[in-house]
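A.B. asks: Structure of the sequence below:
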Amino acid sequence: MRSLEENTELEIVYMETKSLMPYKNNSRKHSDQKVADMVTRIKRQGWTTPIEVDEYNTILSGHCRQKAAMLEGLKFVPVIVIKDLSDAQKAEYIIAANKLPEDVEWDYKNLNLEFDYLSSLGVDPINTGFDLSTIANIQNFTKSTAFNPKLEPDFTATTVSDQQVEKAADKMLTSTNTQPKDTGKEIMCPYCAETFSVTGV
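C.D. replies: Next up is the predicted model:
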């Protein structure tokens, strides 16, 4: 197997876009919208990340970039050729290259500051890859005191008598049909920025 030290000298070359072949078992899907987003990114920022291929021009990383280049009609694209990997190393790398970028934790307060900064410069934050609903969620929750998820609740022990328990039980039984419906409290996940309702809080 090729060692890490042997892969330290990498050279960027330009190759015909259509000559690059997708890996036959590539498990990462790219929707038409994702490919279109990649086209927009290339137009706005240029080509910042070369496609990685093996010595047979099989794509190891950059399937979406290659599709975007084909869609845009780019005849040549920047490529890094990684040679002498075993089949096992290639299969491992292709999955890892797609999975590792997903394992990210965002600082939403700083992210929202960057959204505000981009907006002040006349740049739409949607150009960063976040959709409108997620951007709105981040902006709404980071600007409110509700955005302070407590992952380790502090429980305070109290002593309750049998009489208090019976009284509370009777109250619950008699008020079941009269209590207003608990619609829950809206919470945003600090990792994915998705919102959901939690009842009983």
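
A.B. asks: Tell me the backbone dihedrals of the spatially most distant residue from the centre of the chain, please.
C.D. replies: What lies farthest from the middle of the chain is Gln163; by CA atoms, centre = their mean that is 52.0 Å. Torsion angles at Gln163 (phi, psi; degrees, to the nearest 10) stand at phi -60, psi -40.

A.B. asks: likewise Ile59?
C.D. replies: Taking degrees, to the nearest 10 as the convention, Ile59 sits at phi -70, psi 130.

A.B. asks: close enough to count as contact, it and Glu52?
C.D. replies: Yes - assessed by CB atoms under 8 Å, Ile59 is found in contact with Glu52 at 7.3 Å. Bear in mind the C-beta positions are built from the backbone N, C-alpha and C, glycine included.

A.B. asks: mind listing the helices for this protein?
C.D. replies: 32-45, 63-72, 87-99, 108-120, 132-142, 162-174 (DSSP state H).

A.B. asks: which residues does Tyr93 contact?
C.D. replies: Applying CB atoms under 8 Å, 6 or more residues apart in numbering to Tyr93 gives the contacts Leu60, Ser61, Leu85.

A.B. asks: Just the closest of these to Lys99, please.
C.D. replies: Lys99 has its nearest neighbour among the contacts of Tyr93 in Ser61, at 11.4 Å by CB to CB.

A.B. asks: how close does that closest one sit to Glu55?
C.D. replies: 15 Å (CB to CB, to the nearest Å).

A.B. asks: ditto for Ala97
C.D. replies: For Ala97, the distance to Glu55 - CB to CB - is 17 Å.

A.B. asks: Which one's more surrounded, those two?
C.D. replies: Ala97 (15 against 10; other CB atoms under 10 Å).

A.B. asks: contacting residues for the residue nearest to the more buried one when sequence neighbours are not counted?
C.D. replies: Of all residues not flanking Ala97 in the chain, Ser61 sits nearest, at 4.1 Å (CB to CB, 6 or more residues apart in numbering). Contacts of Ser61 were listed using CB under 8 Å, 6+ apart, and they are Ile51, Glu52, Tyr93, Ile94, Ala97, Asn98.

A.B. asks: Beta-bridge partners for Ser61, please?
C.D. replies: Glu52 (DSSP bridges).

A.B. asks: contacting residues around Pro22?
C.D. replies: For Pro22, counting by CB under 8 Å, 6+ apart, the contacting residues are Thr58, Ile59, His63, Gln66.

A.B. asks: Could you measure from the closest residue to Ser119 other than its chain neighbours over to Thr58?
C.D. replies: Of all residues not flanking Ser119 in the chain, Pro125 sits nearest, at 6.4 Å (CB to CB, 6+ apart). Distance, Pro125 to Thr58, by CB to CB: 36 Å.

A.B. asks: what do you get for Leu113?
C.D. replies: Taken as CB to CB, the span from Leu113 to Thr58 is 42 Å.

A.B. asks: Fine by me, thanks again.
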